[in-house]
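S.K.: from the sequence below, what's the structure:
(one chain, ligands or ions: 1)
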Amino acid sequence: MIPNHSPWIKQLKRTRLVVPLDKNASAAVAIVGGGIAGVTTAFFTLRNTDKTVILIEANKIAHGATGHNAGQVTSYFERPLTDMVQEFGAELAIDGQRSVESAWMLLDEIVAEAKLQTPLYRFTGYSGLSTFDQVILHLKNNRYRTDHELPQESIVVAEKWDRLAEIPQEFTDLYTLAPQKDLLQLLETNNTDYIACLGYRKGCMNSALFSEELIGYLIATYKERFSFYEGSPVREVRLGDSKAYLEVLAHTVEAERVVLCTNGFENFSIINEGGVEIDTKFHHVVVGRIGYMSGYIEPLNNPPTAISYFPKTNQRSNDPTGESYFYLTRRPHEHEGKDSYNLVCTGGPEKVLPNGAGYSREDSYSEDARASIDEFLRSNYNKHPKETEYSFFWHGLMGYTPNGIRRIGPEPCNPRLLYNLGCNGVGILPSIFGGLRISRFLNNEQVEQSIFDPDNQQ
Ligand SMILES: Cc1cc2nc3c(=O)[nH]c(=O)nc-3n(C[C@H](O)[C@H](O)[C@H](O)COP(=O)(O)OP(=O)(O)OC[C@H]3O[C@@H](n4cnc5c(N)ncnc54)[C@H](O)[C@@H]3O)c2cc1C
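M.R.: Predicted coordinates:
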């Protein structure tokens, strides 16, 4: 049995006691779920409105996906931009991409305002491509980017690649050529399957530590308007004519609006009194996928980075949400009381959770995932030591919406209920953007239409 042991949770060094809800309560806004989505939604709601907020977490702050991810700060969707343009049209798709990228600025605002100390490493991250189709897809994405004034991804193609001449002329301005050894160096690999390298703005952050620090700031800053309970699973949400009621332990929370920041898996029923049924629809749209990661400690010899590797064979080719790939991050890490180490984290293996099956954080890590990550590192990452002792193995649950886009906004059948959920593989920046967007709905602002609207997610 390999226990689920995440470096992000280990870094929390929690001292705060869990305080469950011990009485009936009321607030203008009830937020369910204390991952990065719930905490940043609380931040923007408290900062941008004068409403009272109660945040209710079933377990502990940031112990869900937020404490079991890769900690890579990145703005891509696990869906090609070209595909999103086909579904939503260029304007909405590009606007969605721009919105997620705007969360970099929001992240900076939060860090500055709350004076957070959680390290955030910024750099250019790289992705290695190994097939003609992958190269063409990214060139098409880049064309949409340049046509709509979004920053371009840098694309470097190996100058002696035998399919170079097949790249259509129309893309010539979107890539540069270089000796293959140069792009392999950026990808930190000796695997000559990789014939192109993408570069884009990325970062690394412990999103659990960030959320934990931010909750501390909210508790200290908004004493009059913010309350917060852990160990308090919501088991029913009832949407009445003028209020919503949440059943939590032996108590009831009354609120004007309820925001679900539960990632998509919540174990409660939703009763829409006097309206159409929401419960069944809601519970069956999100598909669960377990992501597996391993991490090892090494001396602090290399700078922080994030690299993704897209192999020639795509084991997940039937999957509408994207390709199978491995991803690696490296960042400074305190170990045994010293900060002269790096932590190298790798993920890729995933398992679809059968419909209706439960997921437990306590479940053992998968032996297959361990072997597959180890094998991947050995044959791809040229800085991988021969004898690796992994310090961490962890898994987390991701909720995938049918079209791979986060749901942010009011429920079309009853706007008393709002969502900021649907991890879809990459959720740190989308959650933060979602937090701001939800605060605008709560403030009764005229919010522009977007790909994140639940109406677009049937
Ligand atoms: C293996 C893995 C790797 C990932 N890598 C990345 C990455 O590199 N970059 C990136 O951007 N994203 C990544 N993600 C996704 C990212 O971690 C999430 O999208 C992000 O953390 C969003 O968190 P959340 O707040 O929506 O969900 P969560 O962190 O899961 O929080 C939801 C919370 O809701 C609570 N809850 C559920 N039901 C109830 C209830 N009934 N009552 C009260 N509370 C309830 C849960 O206990 C939980 O704490 C990864 C995810 C995984 C699993």
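
S.K.: residues of the stretch 301-450 of the chain that sit close to the ligand?
M.R.: G347, G396, L397, M398, L421, C423, V426, G427, I428, S431 (CB under 6 Å from any ligand atom). Every residue, glycine included, has its C-beta placed from N, CA and C.

S.K.: what's the closest of the residues you listed to the ligand?
M.R.: Nearest to the ligand, judged by CB to the nearest ligand atom, of those is G427 at 1.7 Å.

S.K.: what about that closest one, how many neighbours?
M.R.: Neighbour count for G427, taken as other CB atoms under 10 Å: 24.

S.K.: what sits against it?
M.R.: I36, A37, A65, N69, M398, R406 (CB atoms under 8 Å, 6 or more residues apart in numbering).

S.K.: kindly export the helix or strand hosting the second one (C-alpha atoms) in CSV.
M.R.: Secondary-structure assignment from DSSP states H and E places A37 in helix 36-48. Taking Å, rounded to 0.1, in the frame of the first residue of the first chain, the C-alpha atoms of helix 36-48 are listed here in CSV:
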residue,chain,number,x,y,z
ILE,A,36,-8.8,27.6,-4.2
ALA,A,37,-12.1,28.3,-6.0
GLY,A,38,-14.1,28.8,-2.8
VAL,A,39,-11.4,30.8,-1.1
THR,A,40,-10.8,33.2,-4.0
THR,A,41,-14.6,33.5,-4.5
ALA,A,42,-14.8,34.6,-0.9
PHE,A,43,-11.9,37.0,-1.3
PHE,A,44,-13.5,38.8,-4.3
THR,A,45,-17.0,38.8,-2.8
LEU,A,46,-15.8,40.3,0.4
ARG,A,47,-13.6,42.8,-1.3
ASN,A,48,-15.9,43.9,-4.1
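
S.K.: what would the residues of the stretch 301-450 of the chain next to the ligand look like in TSV with secondary structure and pLDDT?
M.R.: Listed next are these as TSV, based on DSSP: H, G, I helix; E, B strand; the rest coil; pLDDT from 0 to 100:
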residue	secondary structure	pLDDT
G347	strand	95
G396	strand	94
L397	strand	91
M398	strand	90
L421	strand	93
C423	coil	85
V426	coil	92
G427	coil	94
I428	helix	97
S431	helix	98
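
S.K.: and those residues, which is closest to K60?
M.R.: G396 (14.3 Å; CB to CB).

S.K.: so, low pLDDT: which residues of the stretch 201-350 of the chain?
M.R.: 279-284, 314-323 (pLDDT under 70).

S.K.: the strands in it, which residues?
M.R.: 226-229, 234-239, 244-248, 251-260, 269-272, 287-299, 305-309, 326-335, 338-352 (DSSP state E, counting those that start in this stretch).

S.K.: return the most buried member of the ones you listed.
M.R.: A comparison of the strands of the stretch 201-350 of the chain by mean neighbour count, using mean count of other CB atoms under 10 Å, puts strand 305-309 on top with a mean of 23.

S.K.: in its sheet, what does that one sit against?
M.R.: strand 120-129 (parallel), strand 326-335 (antiparallel) (DSSP bridges).

S.K.: picking that back up, could the strands of the stretch 201-350 of the chain be laid out in CSV, adding distance to L129?
M.R.: Output for those, formatted as CSV (distance: least, CB to CB, whole Å):
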stretch, distance to L129
strand 226-229, 44
strand 234-239, 44
strand 244-248, 47
strand 251-260, 37
strand 269-272, 43
strand 287-299, 22
strand 305-309, 9
strand 326-335, 13
strand 338-352, 16
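
S.K.: all the strands of the stretch 351-458 of the chain, residue numbers only.
M.R.: 390-400, 407-411, 414-421.

S.K.: could you give the mean pLDDT of the helix holding A37?
M.R.: The average pLDDT within helix 36-48 is 98.

S.K.: distance from whichever helix or strand comes after that helix to the middle of the chain?
M.R.: Sequence order places strand 53-56 as the next helix or strand after helix 36-48, per DSSP H and E. Relative to its chain's centre, strand 53-56 lies at 22 Å (CA atoms, centre = their mean, to the nearest Å).

S.K.: again with stretch 251-264
M.R.: For stretch 251-264, the distance to the chain centre is 21 Å (CA atoms, centre = their mean).

S.K.: in the stretch 201-350 of the chain, which residue sits nearest the ligand?
M.R.: Closest point on the stretch 201-350 of the chain to the ligand, by CB to the nearest ligand atom, is G291, at 2.8 Å.

S.K.: for that residue, which non-adjacent residue is spatially closest?
M.R.: E350 (5.2 Å; CB to CB, 6 or more residues apart in numbering).

S.K.: quick one, what contacts that neighbour?
M.R.: Counted by CB under 8 Å, 6+ apart, E350 has contacts R289, I290, G291, Y292, R316, S324, M398.

S.K.: and those, which is closest to S130?
M.R.: Using CB to CB, the contacts of E350 come closest to S130 at S324, 12.1 Å.

S.K.: how many residues are close by the closest one?
M.R.: Neighbour tally, S324, other CB under 10 Å: 15.

S.K.: separation between it and L186?
M.R.: 22 Å (CB to CB, to the nearest Å).

S.K.: residue farthest from the centroid of this structure?
M.R.: Note on the chain: the largest C-alpha distance from the chain mean falls to A165, namely 37.3 Å (CA atoms, centre = their mean).

S.K.: before we move on, the earlier item: list the helices and strands the helix holding A37 packs on?
M.R.: strand 25-32, strand 53-56, helix 90-114, helix 207-221, strand 226-229, strand 414-421, helix 428-442 (3 or more CB pairs under 8 Å, 6 or more residues apart in numbering; DSSP states H and E).

S.K.: next, the angle helix 90-114 makes with that helix.
M.R.: For helix 36-48 against helix 90-114, the angle by axes from the mean of the first three to the mean of the last three CA atoms, to 10 degrees is 70 degrees.

S.K.: and helix 36-48, anywhere near the ligand?
M.R.: Yes - using CB under 6 Å from any ligand atom, helix 36-48 reaches the ligand at I36, A37, G38.

S.K.: for the ligand, state which of these is nearest.
M.R.: Among the residues of helix 36-48 next to the ligand, and counting by CB to the nearest ligand atom, the member closest to the ligand is A37, at 3.3 Å.

S.K.: tell me the contacts of the closest one?
M.R.: So A37 contacts T66, C261, N263, N420, L421, G427, S431, G434, G435 (CB under 8 Å, 6+ apart).

S.K.: list buried residues within those residues.
M.R.: T66, C261, N263, N420, L421, G427, S431, G434, G435 (16 or more other CB atoms under 10 Å).

S.K.: my read: the fourth one touches G435, true?
M.R.: Yes - using CB atoms under 8 Å, N420 is in contact with G435, at 6.4 Å.

S.K.: between these two, which contacts overlap?
M.R.: By CB under 8 Å, 6+ apart, the residues touching both N420 and G435 are A37, T41.

S.K.: can you pull the pLDDT of the spatially closest residue to L106 that is not a sequence neighbour?
M.R.: Spatially, and ignoring its direct neighbours in sequence, L106 is nearest to I432 (5.1 Å; CB to CB, 6+ apart). Here, the pLDDT recorded for I432 equals 98.
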